[in-house]
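Novice: just the structure for this:
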Amino acid sequence: MKALIQRVKTAKVSVEGSVVSEIKKGILTLLGVGQNDSEDDLKWIVSKIIKLRIFEDEQGKMNLSLADIKGSHLIVSQFTLFADLSKGNRPSFIAAAPPEKADELYKKALQFSQEAGIPTFGGKFQTHMEISLLNDGPVTIELDSKTR
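Specialist: Residues are numbered from 1 along each chain as shown. A predicted model of the protein is given here:
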């Protein structure tokens, strides 16, 4: 499982011109589910994201977590994180999980984050979305459950 996270001041997801979800200070997670990913991978990723100390404390050091700042979490499904560009210029997504599996784990990601006490919102699975964000820092971090 792969996640690309961004520390944001604001982020929102729109579908067909209508805002589906919006957060203020927090984390935007683009979540990619792979063929061999499990609920164990998901629990690790969500827990890691919530506990990452990437928000500044009173001394300006990245020392606070999403939970510490009482921030929000916006999770968007992103199968393109599994793009394989090893041959040619057209990406292959064969390593991405099939939609049924990806949707199930994506919904569980939203659930796990909410159960951890984080206000959590999502995009709309298998839909063309427009994502607007104001990256804070910028801080962008890639996580891969297979490299833990």
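
Novice: okay, G137 and V8: tell me how far apart.
Specialist: Distance, G137 to V8, by Cβ to Cβ, to the nearest Å: 9 Å. Using the backbone N, CA and C atoms, a C-beta is placed for each residue, glycine as well.

Novice: between the two, who's got more neighbours?
Specialist: Comparing G137 with V8 by other Cβ atoms under 10 Å, the one with more neighbours is V8, at 24 against 13.

Novice: show me what the helix or strand harbouring that one is packed up against.
Specialist: Remark: V8 resides in strand 2-15, with elements defined by DSSP states H and E. The helices and strands touching strand 2-15, judged by 3 or more Cβ pairs under 8 Å, 6 or more residues apart in numbering; DSSP states H and E, are strand 18-23, strand 26-32, helix 39-51, strand 72-77, strand 130-144.

Novice: distance from the second one to the middle of the chain?
Specialist: Yep, that's strand 26-32 we're talking about. 2 Å (Cα atoms, centre = their mean, to the nearest Å).

Novice: repeat for the third one
Specialist: Taking Cα atoms, centre = their mean, one finds the center of helix 39-51 at 11 Å from the center of the full chain.
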